[in-house]
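Visitor: here is my input, please return the structure:
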Amino acid sequence: MADQSSRYISNLTRDTYALILAGGKGSRLHELTNWRAKPALYFGGKFRIIDFPLSNCVNSGIRRIGVVTQYKSHSLIRHLVRGWGHFKKELGESVEILPASQRFSDSWYEGTADAVFQNIDIIRDELPKYVMILSGDHIYRMDYGDMLAKHKESGAKMTVSCMSVPLEEAAGAFGVMSVDENYRINGFEEKPASPTPLPNDPTRCLASMGNYVFDTEFLFEQLRVDSENMGSQRDFGKDIIPSIIADHPVYAYPFEQSGGDNAYWRDVGTIDSFWEANMEMVAPVPQLNLYDRKWPIWTYQEQLPPAKFVWEDHDRRGEAINSVVSGGCIISGSTLRSSICFSNVRVHSYGLIEDAVILPDVEIKRHCKLKKVIIDRGCVIPEGTTIGYDHEQDRARGFRVSEKGVVLVTREMLGQPVGGLSKPRKHD
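Guide: Model (predicted):
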């Protein structure tokens, strides 16, 4: 029999509607988001970024979910339909896709607050006591039930999840808040150039994770007021939160309370941070444990054969060391070291692949040497190619080299067509 605490939280999650904001461009990822929205970007060998907030909802007991889409959303919508379309509305569960419908104006979504405002009628039909608004472009695991419980117990009208981050990381990137001893928010700045440091640590600040809980009617009223403000940018961080903290109880919820020492959150908004977060997955015991059966990450993946490693001659051996290799991959007579291969990757013989993030359907021909690279989906790396050893040469060939020396390679950079994927050849 469930204890009273778990029953209490399950009642809260059942009374909650989650709205995931998944329309972001992810412009700092450059060519990786030329053809897809950031939440649709691949991560961790077989997942997409959107799978993490969706899985957090399901694992937390929140099963009424809307996903707001906008920017280049085709691959995102296709993934949601295939992987998350099995929910049964008649059982009180659903994952609904909410593109800008222009019900309240002739505009597309103009900001995070406007994205919610344009879907008020859909939320109202669900009759929730609480609305949880979630960012769709971060990698993390979080039990939202704990945050809902804190929201109710504090008497808050709005609760903002937050975490302590270095000042240089937050500057120009995150909303930054100050709080009193009870974590009531008394100051908020959206992406300040000079963030306000924590009182007990001048090197860090309290940053918003972009996840909010609202009492439903309070949210509706604030959105209505904001819609009538002609000077508003229709954004929670820029407009809503600063306008309400003086007159209404708005509290911060430290993310560390949800996960303790195992709390994991990554903003994979740059080439470097995307590469680094994927590289963390190849550690013997990664901080984000994708093998935890108590908190599974759900996704869609086609049925694929097992990964395969072939040839064991004196001069070629198919092997992967400290690496993640997904279904459908064939590693043929080459060495992978500290790398992550997504589905259906083919690596031919006599190659050395190190510190690489290789997205689905890539083919790497013979005698290639790749180091500290991201290879975008569908690329065919020509025989004898060397990437990552000479950055001047990499740039001269049209590849993007990040601030920390990660080389991004896409089909366009290789002069290969974007519309179709080449058919991998036999594993030689």
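Visitor: could you chop this structure up by domain?
Guide: Domains of the chain are assigned by the TED database as 1-281, 308-414.
Visitor: hey, least reliable of those domains by pLDDT?
Guide: When the domains of the chain are ranked by mean pLDDT, domain 1-281 comes last with a mean of 92.
Visitor: neighbours around residue 107, how many?
Guide: Number of residues near residue 107 (other Cβ atoms under 10 Å) recorded here: 11. (C-beta placed from N, C-alpha, C; glycine too.)
Visitor: quick check: which element contains it?
Guide: When elements are defined using DSSP states H and E, residue 107 is found to belong to no helix and no strand.
Visitor: measure it to residue 247 for me?
Guide: The gap separating residue 107 from residue 247 is 29 Å, by Cβ to Cβ, to the nearest Å.
Visitor: same question for residue 411.
Guide: Using Cβ to Cβ, one gets 53 Å for the distance from residue 411 to residue 247.
Visitor: about what we covered before: with distance to residue 297 added, can I get the domains of the chain in JSON lines?
Guide: As requested, the domains of the chain are arranged in JSON lines below (distance: least, Cβ to Cβ, whole Å):
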{"stretch": "domain 1-281", "distance to residue 297": "5"}
{"stretch": "domain 308-414", "distance to residue 297": "14"}
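Visitor: what sits against the residue nearest to residue 88 when sequence neighbours are not counted?
Guide: Excluding its sequence neighbours, the residue lying closest to residue 88 (Cβ to Cβ, 6 or more residues apart in numbering) is residue 94, at 7.9 Å. Residue 94 makes contact with 63-65, 87-88 under the criterion Cβ atoms under 8 Å, 6 or more residues apart in numbering.
Visitor: take those and lay them out in a markdown table including neighbour count.
Guide: Converted to a markdown table, the contacts of residue 94 look like this (neighbours: other Cβ atoms under 10 Å):
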| residue | neighbour count |
| --- | --- |
| 63 | 19 |
| 64 | 23 |
| 65 | 22 |
| 87 | 15 |
| 88 | 9 |
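Visitor: phi, psi for the residue nearest to residue 12 when sequence neighbours are not counted please.
Guide: For residue 12, ignoring the flanking residues on the chain, the nearest one in space by Cβ to Cβ, 6+ apart is residue 148 at 4.3 Å. Note on residue 148: its backbone torsions stand at phi -60, psi -40 [degrees, to the nearest 10].
Visitor: just the strands in the stretch 51-200 of the chain please.
Guide: With DSSP state E, counting those that start in this stretch applied, the stretch 51-200 of the chain shows strands at 64-69, 94-99, 130-135, 139-141, 158-166, 175-179, 185-190, listed in chain order.
Visitor: so for residue 24, which of the ones you listed sits nearest?
Guide: Between residue 24 and those, the shortest gap by Cβ to Cβ is with strand 130-135, which sits at 8.2 Å.
Visitor: show me what residue 253 is bridged to.
Guide: With beta bridges defined as DSSP bridges, residue 253 has these partners: residue 161.
Visitor: nope, residue 176 is what I meant
Guide: residue 189, residue 207.
Visitor: A strand includes residue 336, no?
Guide: Yes - applying DSSP: H, G, I helix; E, B strand; the rest coil, one finds residue 336 inside a strand.
Visitor: so how far is residue 88 from the closest residue in space to it that isn't next to it in sequence?
Guide: For residue 336, ignoring the flanking residues on the chain, the nearest one in space by Cβ to Cβ, 6+ apart is residue 320 at 4.1 Å. As for residue 320, its distance to residue 88 is 40 Å (criterion: Cβ to Cβ).
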